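J.: pasting a predicted model and its sequence here:
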Amino acid sequence: MSYNDLRDWIAALERAGELRKIRTEADPILEIAEIADRVSKSRSSKYGPGGPALLFQNIKGHPNSQVLINQFGSERRMRLALGVDSLDEIADRIRAFMDVKSPQGFLDKVKMIPMLAEMGKFFPKTVTTAACKEVIRRDQFSLLDFPILQCWPKDAGRFITLPCVITRDPKTGKRNVGMYRMQVFDERTTGMHWQRQKVAAEHYRESLRAAATNAGAPPLPGLGKGGSSAAVDIMARTSGGSILPEGPLPTGKMEVAVAIGTDPALTFCAIVPAPPDVEEFLIAGFLRQKPVELVKCETIDLEVPADAEIILEGYVNLDELRTEGPFGDHTGFYSLDDLYPVFHVTCITHRKDPIYATTIVGKPPMEDGWMGKAVERIFLPLMKLTIPELVDINLPLEGVFHNLMIVSIRMSYPGQACKVMNAIWSLGQAMFTKCILVVDEDVNVQDLGEVTLKVLNNIDPERDIQFTLGPIDSLDHSSRLPNYGSKMGVDATRKWSTEGFARPWPDEITMDAKTKSLVDSKWKALAKELGIE
């Protein structure tokens, strides 16, 4: 099933027994985060790992407001959010679309009509009336009217943590929906934590390049007006839009919209590593099996989800950066403060009595971990397009997404494990993976005990560990420079003679089939006698 909006989703959570309404007063400054953290790490017999979703209904300082948190905080709720019994169902649907072959004749074309019709219903559609515009505030509005959380004691302030941030590629016109934390500076401005390699950051850089090459732009030192050299210069002098250098900067604005409290499929799509040319609105339609309805903004030229709880409209200036952070992050540490663009709010629209959707991140396991595992399962078929020898992957929660990836592959030629490592480091957000372990196809990468046994037995560290330099996640505090450092790949596959391994490889210990069958026939009685039924 799919959900029309956040309220429809909340009702479904309640019907499924996955929601707890909290009527005890709770403070959005630290207290809600502490409660949610304890719940997300609980293992109750009723809810299992992750606890229930929480709807706070008595918010200190915000009468009549409600806060939803931990909505994705378990495997069951992730499946419920995406309307499937197993996340592999979505992977299978993706695989089915990718397996479509070019029609060879008239009958093949006829057979494709139903699939093409199904694809057509995934595209977003524009509407003229929208629930998100029940209240329109062009003047006298404040971000502080909403119960925005401060999650950890040393956070720089309140942060919007579950936004769908909408930008438009200035070259192609395609929209992007990403999830980037937003530090609230005051009633009308926030930080915009566009990590350097994310799509919205590239939109910002493209806008900066365009402004620099504009014939009307001020001349840049040594380059005169405009031209591709000016674009190269502006990127070098600003380190890709991340610093404010000495000398002139082109002025201009980039429009941005933010949706808070969308249906679960769209919220989830804001974190998926989609190709830049594929709009997240289309992916959400695919997951929902019906289109996302969009409506025009009031003050900027962007479209936003019509049924969102809250919409923020505004812009960032191309020549303005401000210190953002620190922020308690999913690494389990505070990410350091740094310069980021400033989002200026020009208009707020919202539903009557809007529900504020949020999350917290910190030491795993937490809500974001379950979202990350869903991405892992759903997008494995897309990874296999580039890396066909891939069998399975595991991103352990403790690896906080970018620190560890365990990969099993089907070996066909010498050196293939190293080829796979480099392929992964070339794949979108997978470029940040700090450590990659590659094992053979007979290793269950979801079983960390088996992985540990095989990896540590199979490697000769000097021979099988390789290092490389490249982009590093902005949240990594250990790299030699911000956003740049080293990564490690471990080839734990069985070594071949054609890879220079001349020694015999021993057989793995297994019991013979006859003895196993004999014990199987007695095991029920033995288990009862041993007390291990």
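T.: Sure, I can see it. Remember, predicted model here, so these are calculated numbers, not experimental data.

J.: quick check: the closest residue to residue 184 other than its chain neighbours vs residue 326, distance?
T.: In this structure, residue 184 finds its nearest non-sequential neighbour in residue 158, 4.5 Å apart by Cβ to Cβ, 6 or more residues apart in numbering. Every residue, glycine included, has its C-beta placed from N, CA and C. Relative to residue 326, residue 158 is positioned 14 Å away (criterion: Cβ to Cβ, to the nearest Å).

J.: the residue nearest to residue 184 is in contact with residue 183, isn't it?
T.: Yes: with contacts counted by Cβ atoms under 8 Å, residue 158 reaches residue 183, the gap being 7.5 Å.

J.: looking at these two, which one has more neighbours?
T.: residue 183 (26 against 21; other Cβ atoms under 10 Å).

J.: give me the nearest residue to the more buried one, chain neighbours excluded.
T.: residue 191 (4.0 Å).

J.: neighbours around the one you found, how many?
T.: Residue 191 has 29 neighbours, counted by other Cβ under 10 Å.

J.: wait, what's in contact with it?
T.: 181-183, 185, 322, 324-325, 340-343 (Cβ atoms under 8 Å, 6 or more residues apart in numbering).

J.: quick one: pLDDT of the residue nearest to residue 184?
T.: Residue 158 carries a pLDDT value of 98.

J.: can you check the one 3 residues further on too?
T.: For residue 161, the pLDDT comes out at 97.

J.: residue contacts, it?
T.: Per Cβ under 8 Å, 6+ apart, neighbours of residue 161: 149, 151, 181, 358-361.

J.: need phi/psi at it.
T.: phi -120, psi -10 (degrees, to the nearest 10).

J.: any idea how far residue 271 is from it?
T.: Residue 161 is 12 Å from residue 271, by Cβ to Cβ.

J.: same thing with residue 370?
T.: Distance from residue 370 to residue 271, by Cβ to Cβ: 11 Å.

J.: how about residue 462?
T.: According to Cβ to Cβ, residue 462 stands 38 Å off from residue 271.

J.: who has more neighbours, those two?
T.: residue 271 (21 against 6).

J.: how about the contacts made by that one?
T.: Residue 271 neighbours (Cβ under 8 Å, 6+ apart): 179, 371-372, 375.

J.: what is the nearest of those to residue 207?
T.: Ranked by distance to residue 207 (Cβ to Cβ), these are led by residue 179 at 20.3 Å.

J.: how about TSV for the contacts of residue 191, with secondary structure, pLDDT and distance to residue 238 added?
T.: As requested, these are exported to TSV (DSSP: H, G, I helix; E, B strand; the rest coil; pLDDT from 0 to 100; distance: Cβ to Cβ, whole Å):
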residue	secondary structure	pLDDT	distance to residue 238
181	coil	96	22
182	strand	98	21
183	strand	98	21
185	coil	98	21
322	strand	96	15
324	strand	96	16
325	coil	94	19
340	strand	95	13
341	strand	96	11
342	strand	97	15
343	strand	98	18
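
J.: same list (these) but as CSV, adding distance to residue 416.
T.: Formatted as CSV, the entries for the contacts of residue 191 read as follows, by distance: Cβ to Cβ, whole Å:
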residue, distance to residue 416
181, 39
182, 43
183, 44
185, 50
322, 47
324, 42
325, 41
340, 40
341, 42
342, 47
343, 45
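
J.: show the contacting residues for residue 384.
T.: Contacts for residue 384 (Cβ under 8 Å, 6+ apart) come out as residue 390.

J.: name the element the nearest residue to residue 480 once chain neighbours are set aside belongs to?
T.: In space, and not counting its chain neighbours, residue 480 is closest to residue 486: 7.5 Å by Cβ to Cβ, 6+ apart. Element membership for residue 486, per DSSP states H and E: strand 484-491.

J.: least confident secondary structure element in this structure?
T.: Among the helices and strands of the chain, helix 106-120 carries the lowest confidence by mean pLDDT, DSSP states H and E, at a mean of 55.
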